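**Student:** Give me the fold of what follows.
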Amino acid sequence: MAEFTTFLDASARRIARGFATLCLGALLASGAAWADRVKDLASFQGVRENQLIGYGLVVGLDGSGDQVRQTPFTQQSLTNMLSQLGVTVPQGTNMQVKNVAAVIVTTRMPAFTQPGQTLDVVVSSMGNAKSLRGGTLLMTPLKGANGQVYALAQGNLLVGGAGVSQGGASVQVNQLNGGIIPDGAIVERGVPTTYAQDGRVRLELNSSDFGIAQSVVAALNRKFGGQTAQALNARTIELIAPVDPQRQTAFLSQVENLQVALPPARARVVINARTGSVVMNRTVTIEEAAIAYGNLSIVISPQQQVSQPTTPFGGGETVVTENTQIEMRSEAGTVQRVTTSANLADVVRALNALGATPQDLLSILQNLKSAGALRADLEVI
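**Tutor:** Next up is the predicted model:
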């Protein structure tokens, strides 16, 4: 009997150890699933996009182009373009450009882009054209900040909006003064991209944070060993990469996809005063506090009283008298107790218990921050 009991105890211990190992594996797997990749936290220094811009003309509009009097530059641009094509326009000619619109063309050229590749372009009206729908962009050079031409754009516009007007009434859906041309630009010149010098590559974090920088460095050194990575500051991390280009590409690919377990994010509440929206992350907490709030509104109602003679031949004069009524409404404010909240769910529950409107919540959060009860950074945009 004692041997049987000992066997049961040993079996129980083995089952407990197996269950603990299973739970630990689940926790580790869960932690890895919630970790962020390096490519989501940082980018390689020197690997960047380049903004391009150009000025051009859109033709083929159905009478919805620029008006000559308000946008003389459209007529001037059209005259210059025709002269380059060998067409001479007599001086003083009153050209009608209702089917033409002056536009600004923009695009972004990614790193490592080579001549012959295509880019999507955005076309935006810069005059008083009513619509660019159905228009065609003529050949437009796209320049960089140094004034050099890097791409040429041309093609038919894709405008997502629609509009109809008749007899003074109009209906419009979305924006008609802008559109896109998929693959509308051809790259003519590439921009050299330098991201490695003597086998050293630098990572730039998306935000300055010593904790994130240290976590990334620790993960890289565990993966590749030695002193592969070191943090230069809260935003920049230097890597020692292979000098051979093929090995360097494989190394940087592994760096990008490395999972990093991050420390809790800094508590922050973002308030948009224009829309009344409030967004907070999961590390926001509230200390115990008492809050009293109420609403004060003033209603001004102007009224007009008309006095006129009782008979058509009374000889009197119609008199209009202004009568303004001013009413002040004040809702009684009550003192509400807010208990200490240890996580985001408790914070939401405590704020909802106040029954405050979003506009009231803006002031309440600001006052909680001033009183030291809101444990978070408050950002108003």
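
**Student:** Could you break the chain into its assigned domains?
**Tutor:** 50-163+172-187, 195-260, 268-307+319-380 (automatic domain parsing).

**Student:** quick check: mean pLDDT across the helix or strand in which Val103 is found?
**Tutor:** Assigned by DSSP states H and E, Val103 belongs to strand 101-109. In this model, strand 101-109 has an average pLDDT of 96.

**Student:** what's the offset of that strand from the middle of its chain?
**Tutor:** The chain centroid and the centroid of strand 101-109 are separated by 20 Å under C-alpha atoms, centre = their mean, to the nearest Å.

**Student:** now the angle between strand 101-109 and the helix or strand that it is followed by, please.
**Tutor:** Going down the chain from strand 101-109, the next helix or strand is strand 118-125, by DSSP H and E. Our comparison of strand 118-125 with strand 101-109, counting by axes from the mean of the first three to the mean of the last three C-alpha atoms, to 10 degrees, yields an angle of 150 degrees.

**Student:** Strand 118-125: which residues count as buried?
**Tutor:** Buried residues in strand 118-125, defined by neighbour count with 16 or more other C-beta atoms under 10 Å: 119, 121-123, 125. To be clear about C-beta, it is placed using only N, CA and C from the backbone, and glycine gets the same treatment.

**Student:** what comes into contact with the very next helix or strand once past it?
**Tutor:** Sequence order places strand 136-143 as the next helix or strand after strand 118-125, per DSSP H and E. Applying C-beta atoms under 8 Å, 6 or more residues apart in numbering, the external contacts of strand 136-143 come out as 52-60, 81, 103, 105, 107, 121, 123, 149-157, 181, 184-185.

**Student:** before we move on, back to that, dump the strand holding Val103 to CSV, keeping only the CA atoms.
**Tutor:** The C-alpha coordinates for strand 101-109 follow below in CSV (Å, rounded to 0.1, in the frame of the first residue of the first chain):
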residue,chain,number,x,y,z
ALA,A,101,-6.3,73.0,-65.3
ALA,A,102,-2.9,73.9,-63.6
VAL,A,103,-1.9,71.2,-61.1
ILE,A,104,0.8,70.2,-58.7
VAL,A,105,2.1,66.6,-59.0
THR,A,106,3.7,64.9,-56.0
THR,A,107,5.1,61.5,-55.3
ARG,A,108,7.6,59.7,-53.1
MET,A,109,10.6,57.7,-54.5
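
**Student:** what's the span of stretch 45-63, first residue to last?
**Tutor:** Taking C-alpha to C-alpha, to the nearest Å, the first and last residues of stretch 45-63 lie 48 Å apart.

**Student:** How about stretch 202-220?
**Tutor:** 13 Å.

**Student:** residue boundaries of the helices in the chain?
**Tutor:** With DSSP state H, the ranges of helices along the chain come out as 2-34, 38-41, 72-84, 210-224, 245-256, 344-354, 358-370.

**Student:** looking only at pLDDT, what's the mean for the first one?
**Tutor:** Averaging pLDDT along helix 2-34 gives 40.

**Student:** Going forward, the N-terminal residue is numbered 30.
**Tutor:** New numbering, starting at 30: the last item is helix 31-63.

**Student:** Report the contact partners of the nearest residue to Phe102 once chain neighbours are set aside.
**Tutor:** Excluding its sequence neighbours, the residue lying closest to Phe102 (C-beta to C-beta, 6 or more residues apart in numbering) is Ala131, at 6.0 Å. Counting by C-beta under 8 Å, 6+ apart, Ala131 touches 84-86, 95, 100, 102-103, 106, 154-156.

**Student:** Compile those into a markdown table and extend it with columns for distance to Phe280 and pLDDT.
**Tutor:** Conversion of the contacts of Ala131 to a markdown table gives the following (distance: C-beta to C-beta, whole Å; pLDDT from 0 to 100):
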| residue | distance to Phe280 | pLDDT |
| --- | --- | --- |
| Tyr84 | 43 | 96 |
| Gly85 | 43 | 95 |
| Leu86 | 48 | 95 |
| Asp95 | 54 | 87 |
| Thr100 | 54 | 82 |
| Phe102 | 52 | 86 |
| Thr103 | 53 | 86 |
| Ser106 | 50 | 87 |
| Ser154 | 47 | 93 |
| Met155 | 46 | 91 |
| Gly156 | 51 | 87 |
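
**Student:** Which entries within these meet the buried criterion?
**Tutor:** For the contacts of Ala131, buried by 16+ other C-beta under 10 Å: 85-86, 95, 100, 103, 106, 154, 156.
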